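1. Sequence and computational prediction follow.
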Amino acid sequence: MSEPHSTEKVPITDREYLWAKNVDTGEVALHVGPTQFQPSAADRIVIDDGKGGFMDAPSAQPRRMVEVSDGQYAVIFNPIDDPQGEPNGPFKEGKNTTAKLRNGTKSMVPGPCAFYLRPGQRSPSTSVPPSSSRLRPTGSSSTMARAALWTHRPRNRAGWSRFPTASTR
């Protein structure tokens, strides 16, 4: 595994992405695969700190895109202002410029689709639209969003709750 502050090339395969922060300018760029990212001495690979900011990533490994199956949806916090018909806006392979976000709002993205998260966004759940009150989650996804998947099962007395299982790909 590469160090997060390494200047070695980082391969980003299809359906992967990473965020790189330039400490000189403060710009956080999105890099979407398939490509290779060559960090400069001023670049740091970062992740969401959960508080609206960024922190250095524990490793230089890219993250998987959020994948939403048919009949499911994902919720994006701070969605892009103008998605232009794409689940989370258009992108190109390699470095992408920052996009204007609607901070403090949420957006629902229906499946099937796969998308990356832009700097400043998070997606805590992937769900099946409720068709009854008997829904319980069955597991968690391997995406950065740690998406909970929902299926029809009897509800416990306490209501809905999460039962994590082994990660799936």
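-> Structure received.
2. Hmm, A74 is touching P112, no?
-> No - between A74 and P112 there is no contact under CB atoms under 8 Å: 11.0 Å. Every residue, glycine included, has its C-beta placed from N, CA and C.
3. Now the common contact residues for those two.
-> Residues touching both A74 and P112 (CB atoms under 8 Å, 6 or more residues apart in numbering): V68.
4. Which of those two has more residues huddled nearby?
-> Just comparing A74 and P112: by other CB atoms under 10 Å the higher neighbour count belongs to A74, 27 against 11.
5. For Q36, see how far away that one is.
-> According to CB to CB, to the nearest Å, A74 stands 28 Å off from Q36.
6. go on, T98?
-> 21 Å.
7. State the distance from the closest residue in space to P90 that isn't next to it in sequence to P124.
-> Nearest non-adjacent residue to P90, counting by CB to CB, 6 or more residues apart in numbering: Q84, 5.3 Å away. Separation of Q84 from P124 (CB to CB): 24 Å.
8. Compare these two and say which one has the larger neighbour count.
-> Between Q84 and P124, counted using other CB under 10 Å, P124 has the larger neighbour count: 12 against 8.
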